[in-house]
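In: I would like to see how this sequence folds:
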Amino acid sequence: MGLAASLHAVRTLLVGLARERPLALFFEDVHWADRSSIELLGLLLRLALDHPILFLWASRPGFSESSGRLAEIALA
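Out: A predicted model of the protein is given here:
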């Protein structure tokens, strides 16, 4: 399964779950996430604009590269 197919599968799953009831997703230790993981989360964050999905994440202070990038994506 390629990257595009994987992303489509995850989006389909989350949207399907959110149609049944509001969905909350929590991501812990985001400060350890690599660039591609942050980009994936950034793409998924956009689902919250049209679907009842709440994204929460936790990261340690001082690790602004990954968590800061995710915050920038969320605010864009």
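In: check contacts around residue 9.
Out: Under the criterion of C-beta atoms under 8 Å, 6 or more residues apart in numbering, the neighbours of residue 9 are residue 1. Yep, even glycine has a C-beta here, placed from its N, CA and C like the rest.
In: look up how far residue 44 lies from it.
Out: The span separating residue 9 from residue 44 equals 12 Å under the rule C-beta to C-beta, to the nearest Å.
In: then residue 5?
Out: 15 Å.
In: out of these two, which sits in the more crowded spot?
Out: residue 44 (18 against 9; other C-beta atoms under 10 Å).
In: distance of that one relative to residue 28?
Out: With distances defined as C-beta to C-beta, the gap from residue 44 to residue 28 amounts to 16 Å.
In: toward the C-terminus, what is the element adjacent to the helix ranked longest in the chain?
Out: Residue-count comparison of every helix in the chain, with assignments taken from DSSP state H, identifies helix 3-20 as the longest. Per DSSP states H and E, helix 3-20 leads on to strand 23-27 as the next helix or strand towards the C-terminus.
In: could you give the average pLDDT over that next one?
Out: What strand 23-27 shows for mean pLDDT is 95.
In: now the angle from that strand to helix 3-20?
Out: Strand 23-27 runs at 130 degrees relative to helix 3-20, counting by axes from the mean of the first three to the mean of the last three C-alpha atoms, to 10 degrees.
In: what's the very next helix or strand once past strand 23-27 packed up against?
Out: Scanning forward in sequence from strand 23-27, with DSSP H and E defining helices and strands, the next element found is helix 35-45. Contact here means 3 or more C-beta pairs under 8 Å, 6 or more residues apart in numbering; DSSP states H and E; on that basis helix 35-45 packs against helix 3-20, strand 53-57, helix 64-75.
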